[in-house]
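Trainee: My questions are about this predicted structure, shown below with the sequence.
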Amino acid sequence: MAKDTRVGRGWSTASAVWSSWMTCVVLAMLVSTVGGAFARDVTSRNAKLTSDGTLTRFSIDFSEEVDFEVFTLDNPYRVIVDLPEVEFTLPDAIGNKGSGLVSAFRYGLFAPGKARIVIDVTGPVRIEAARLDQLREGEARQLVVDLVTTDQASFDAEVQKRRDREKLEASLRAPRPVEVTPGMLARRAGRNVIVVDAGHGGIDTGAKSASGTREKDVLLAVALALREELSKRPNYHIVLTRDTDVFIPLRRRVEIARENGALLFISVHADSLPARYAQSVRGATVYTLSDKGSDALADEFARRENKSDVVAGVEVEEDQDELADILFDLARREAEVRSRSFAEVVLGKLHGKTALNQRPHRSAGFRVLKSREVPAVLIELGYITNRKDESELLSPEWRARVSAAIASSVDAYFGKKFARFPF
């Protein structure tokens, strides 16, 4: 059985589907008697790249039939494979080595119920074929994507065709109703809304240590610990941009703060450094927004963090003048003053609780901090490539101690008269 299509859907026979569905229903009923819920997960354990010099083939195995969509993106050149939620158990570093037209690939949860594979390609390519083959063993399936080179004009035309289709579909959708968020209700009740943002997530793993510790995992653990600590204060309402291992676009993180009427936005991250500096540089740094980095290191860190959407296969439409424009806006200037003030408070509270960088307060053009009206900081908790910092990031005791220090900073911040917002 083979099917060749760029947007694919494959089905078993009606009797097989009915039998499988009834089995799931019966098992779900049995599990529900003990308070559980049954769900059949699609899994993937193997993927590979092959090339004959002309055609490059990407193939990946699934435990069962899946829907898929394959398309190309530019700036940089990428091939995107969208799938339903998949549990990937592929070997570590499997996507780091390229072959033929592919330089690397990565995979992970892209949104609730949706997985994505991002294939980095070396230049303009054409999707020669995308099909789902049935493997000899059982019901497993293999998705095969064949890529060949193409000229730039043809590649651009294919990318634009998809963009035009998406714009048309968006124009036909009904406007999204304005929702009253939990944060807005908390604001009306006189509580201070604080958004805690765990960087990276899902397909975007962030930095990785030599021992395999992933930035996205430790940041989620820190965000959960910080929420727990802040939630002890009855006058705060805490919103997390993510509370699971899922990808959230940078723009959406800012929107979450605005939609919830946030009075403070705290983004947590952990940086990485080349091996020659990894063990000599460590400690926390607090960043605020600026149109120009306070130094070359701040600019480089912001550049890497701003690539999060690109890593996840999201198209980034950014006005290069946007940051310069909003910095002259009154609301932005007021938020910047509050952001810098809070950054200094955080550093004061972290002193003695964890190691601080030699230059602990820096600034750069982080997209995740670009909100006109919400004071925002990015706390780089340490360097995941430094063994001492990594050990602390993995320690529940350290996370609890640092969370308590940040929560104390929030208390001090809202104790200042100028930090109070009118409701």
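Mentor: Structure received.
Trainee: what's the neighbour count on S171?
Mentor: Each residue near S171 was counted by other CB atoms under 10 Å, and the total is 7. For the C-beta atoms, the positions are set from N, CA and C on the backbone; glycine is no exception.
Trainee: Tell me who's in contact with it.
Mentor: Contact criterion CB atoms under 8 Å, 6 or more residues apart in numbering gives no residues in contact with S171.
Trainee: Point out where the chain drops to low pLDDT.
Mentor: The chain contains residues with pLDDT under 70 at 1-40, 137-138, 178, 317-328, 416-423.
Trainee: Touching stretch 94-106 from outside, list them.
Mentor: 47, 49-53, 55-56, 58, 107, 117-123, 125, 147-149, 203, 205, 311.
Trainee: now with 7 Å?
Mentor: Outside stretch 94-106, the residues that touch it by CB atoms under 7 Å, 6 or more residues apart in numbering are 47, 49-51, 56, 58, 107, 117-122, 125, 147, 149, 203.
Trainee: again with stretch 410-417
Mentor: With contacts defined as CB under 7 Å, 6+ apart, stretch 410-417 is touched by N192, I194, L230, L264, F342, V345, A419.
Trainee: Including neighbour count, could those go into a markdown table?
Mentor: Shown next, in a markdown table, are the contacts of stretch 410-417 (neighbours: other CB atoms under 10 Å):
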| residue | neighbour count |
| --- | --- |
| N192 | 22 |
| I194 | 28 |
| L230 | 21 |
| L264 | 24 |
| F342 | 25 |
| V345 | 22 |
| A419 | 19 |
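Trainee: Mind checking which of those residues are in helices?
Mentor: L230, F342, V345 (DSSP state H).
Trainee: So the first one is in contact with L240, correct?
Mentor: In this case it means L230. No: with contacts counted by CB atoms under 7 Å, L230 stays clear of L240, the gap being 10.6 Å.
Trainee: For H237, give its distance to E334.
Mentor: 22 Å (CB to CB, to the nearest Å).
Trainee: Could you check which of these two is surrounded by more residues?
Mentor: H237 (24 against 15).
Trainee: Spit out the contact partners of the more buried one.
Mentor: G183, A186, R191, V193.
Trainee: Can you tell me the SS state at it?
Mentor: strand (DSSP: H, G, I helix; E, B strand; the rest coil).
Trainee: For burial, what's the neighbour tally of K114?
Mentor: K114 has 15 neighbours, counted by other CB under 10 Å.
Trainee: Pretty sure L83 sits in a helix.
Mentor: No: secondary structure of L83 (three-state DSSP): strand, not part of a helix.
Trainee: What residues does L172 make contact with?
Mentor: Contacts of L172 by CB under 7 Å, 6+ apart: none found.
Trainee: got the contact list for R340?
Mentor: Counting by CB under 7 Å, 6+ apart, R340 has contacts T288.
Trainee: Find the helix or strand that it is a member of.
Mentor: helix 330-350 (DSSP states H and E).
Trainee: What is the nearest of the ones in helices among the contacts of stretch 410-417 to G365?
Mentor: Looking at those and their distance to G365, the nearest is F342, at 18.6 Å (CB to CB).
Trainee: residues near the closest residue in space to that closest one that isn't next to it in sequence, how many?
Mentor: Distance criterion CB to CB, 6 or more residues apart in numbering; nearest residue to F342, sequence neighbours excluded, is Y413 at 4.9 Å. Counted with other CB under 10 Å, the neighbours of Y413 add up to 22.
Trainee: Y413 in helix, strand or coil?
Mentor: What three-state DSSP gives for Y413 is helix.
Trainee: Equivalent analysis for G108, please.
Mentor: Look at G108: counting by three-state DSSP, its state is strand.
Trainee: is it true that it touches G201?
Mentor: No: look at G108 against G201 with CB under 7 Å: they stay out of range, at 8.4 Å.
Trainee: Touching both of the two, which residues are there?
Mentor: Taking CB under 7 Å, 6+ apart as the criterion, G108 and G201 both touch F247.
Trainee: Those two: who's more crowded?
Mentor: G201 (26 against 22).
Trainee: So what sits opposite that one in the bridge?
Mentor: With DSSP bridges as the criterion, G201 is bridged to D204.
Trainee: which residues touch it?
Mentor: By CB under 7 Å, 6+ apart, the contact set of G201 is K216, R242, D245, V246, F247, I248.
Trainee: Need the nearest residue in space to the first one, chain neighbours excluded.
Mentor: Spatial nearest neighbour of K216, chain neighbours left out: H200 (3.9 Å); criterion: CB to CB, 6+ apart.
Trainee: isn't the one you found right next to E215, touching?
Mentor: Yes: using CB under 7 Å, H200 is in contact with E215, at 5.7 Å.
Trainee: Looking at the contacts of stretch 94-106, which are in helices?
Mentor: Among the contacts of stretch 94-106, none falls in helices (DSSP H).
Trainee: Of those, just the buried ones, ChimeraX syntax please.
Mentor: Per 16 or more other CB atoms under 10 Å, the buried members of the contacts of stretch 94-106 correspond to this ChimeraX selection:
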select :47,49,56,58,107,117,118,119,120,121,125,147,149,203
